[in-house]
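the sequence and its predicted three-dimensional model are supplied below.
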Amino acid sequence: MGVLKEVLKQRQCLSLELKERLSAERIRAWYKHFNGDVYVSFSGGKDSTVLLHMVRRIYPKVPAVFFDTGLEFPEIREFVSSIDNVITVKPKIGFKEVIEKYGYPVVSKDRAQKIDEIRNTHSEKLRNKRLHGDSNGNGKLPEKWKYLIDAPFKISAKCCDVMKKRPAKKYEKESGRVPFIGTMAADSGLRITTYLKNGCNSFDTTRPTSTPMSFWLESDVWEYIKKYNVGYSRIYDMGYERTGCMFCMFGLHMEKGQTRFDRMKITHPKIYKYCMETLGCAEIIKALNIK
């Protein structure tokens, strides 16, 4: 069921107590609809940590699944290993193989996909759309990033699909379970669009998914952690606000001041060196005109 934009804004302004109640309703509806054949997609980050806590307050035996890409911070892996009833699932290939075969994740998923399509599509119609837009000017790669079409390295948005989505779909097919995922509409424009279209519980989509925290804000997550004294990864106490894949460069150009890689150089110098030198990210970042 879709949601109006005004309704999303109203829900985002609710108190934490009311948000908890609404989320609990979504969790119960999802669990009952699928007769308990559910799981929590658990990344070890604060959002999925709160989601797991909420779900297990109602249904203590629901398993968590950690999709181990090999790109998580050591502190995230350490925290995940401290949680009970967590299943670990790994992708078929590692990040180094992904960037060699498909390309580097730069700028954003949308921009990277458009660059990849311009370079590799066999459809002249699609290529023209990505270069010039449709009759209304929609669907094209912004002029700002067109210089990357000729960059001397591969660019792709396939990393997340190969390392997270495919392993998740494989697990779901084999186990018969459907996921709770801790994403929030406030995280990105794409997630706002998805929430407005499907709401929290998308029962009838190709991949049924429950996102019972969709109308939460980051401040709610920290308030919940404090309210219930929920343990979380110490990576957040080291200055990191987001704890996704260590080597991902999506959104890097928008970071002001100290970037994620500046911080990594200080907190994880060996990993930083591997990223910059072995994976070649130093040259990619230079090509993006990021100091």
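Cool, got the structure.

gap between residue 222 and residue 284?
Residue 222 sits 33 Å away from residue 284, going by Cβ to Cβ, to the nearest Å. Just so you know, the C-beta spots here come from the backbone N, C-alpha and C atoms, and that holds for glycine as well.

those two: which has the busier surroundings?
residue 284 (22 against 15; other Cβ atoms under 10 Å).

who touches that one in this structure?
For residue 284, the contact set (Cβ atoms under 8 Å, 6 or more residues apart in numbering) comprises 104, 106, 153, 249.

show me which residues of the helix or strand harbouring it are buried.
Using DSSP states H and E, residue 284 sits within helix 281-287. Neighbour-count burial for helix 281-287, counted by 16 or more other Cβ atoms under 10 Å, picks out 281, 284, 285, 287.

same deal with stretch 177-193?
Quick answer for stretch 177-193 (16+ other Cβ under 10 Å): 177, 178, 179, 180, 181, 182, 183, 184, 185, 186, 192.

and the second one, what does it touch?
The one in question is residue 178. Contact analysis of residue 178 by Cβ under 8 Å, 6+ apart lists 30, 34, 37, 38, 39, 172, 208, 209, 210.

at 6 Å what do you get?
34, 38, 208 (Cβ atoms under 6 Å, 6 or more residues apart in numbering).

same check on the first one?
With Cβ under 6 Å, 6+ apart as the criterion, the residues that contact residue 177 are 37, 38, 39.

can you list the residues you listed in JSON lines and add neighbour count, pLDDT and secondary structure?
What follows is those, written out as JSON lines (neighbours: other Cβ atoms under 10 Å; pLDDT from 0 to 100; DSSP: H, G, I helix; E, B strand; the rest coil):
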{"residue": "37", "neighbour count": "13", "pLDDT": "98", "secondary structure": "coil"}
{"residue": "38", "neighbour count": "21", "pLDDT": "98", "secondary structure": "strand"}
{"residue": "39", "neighbour count": "20", "pLDDT": "98", "secondary structure": "strand"}
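
sorry, back to before: which among the buried residues of stretch 177-193 gets closest to residue 43?
Distance to residue 43, by Cβ to Cβ, is smallest for residue 182 among the buried residues of stretch 177-193, at 7.7 Å.

how about the helices in the stretch 101-250 of the chain?
109-120, 124-132, 159-160, 166-175, 189-198, 218-228 (DSSP state H, counting those that start in this stretch).

how much space separates the residue nearest to residue 83 when sequence neighbours are not counted from residue 266?
Among residues not flanking residue 83 along the chain, residue 64 sits closest, at 6.5 Å (Cβ to Cβ, 6 or more residues apart in numbering). For residue 64, the distance to residue 266 equals 31 Å [Cβ to Cβ].
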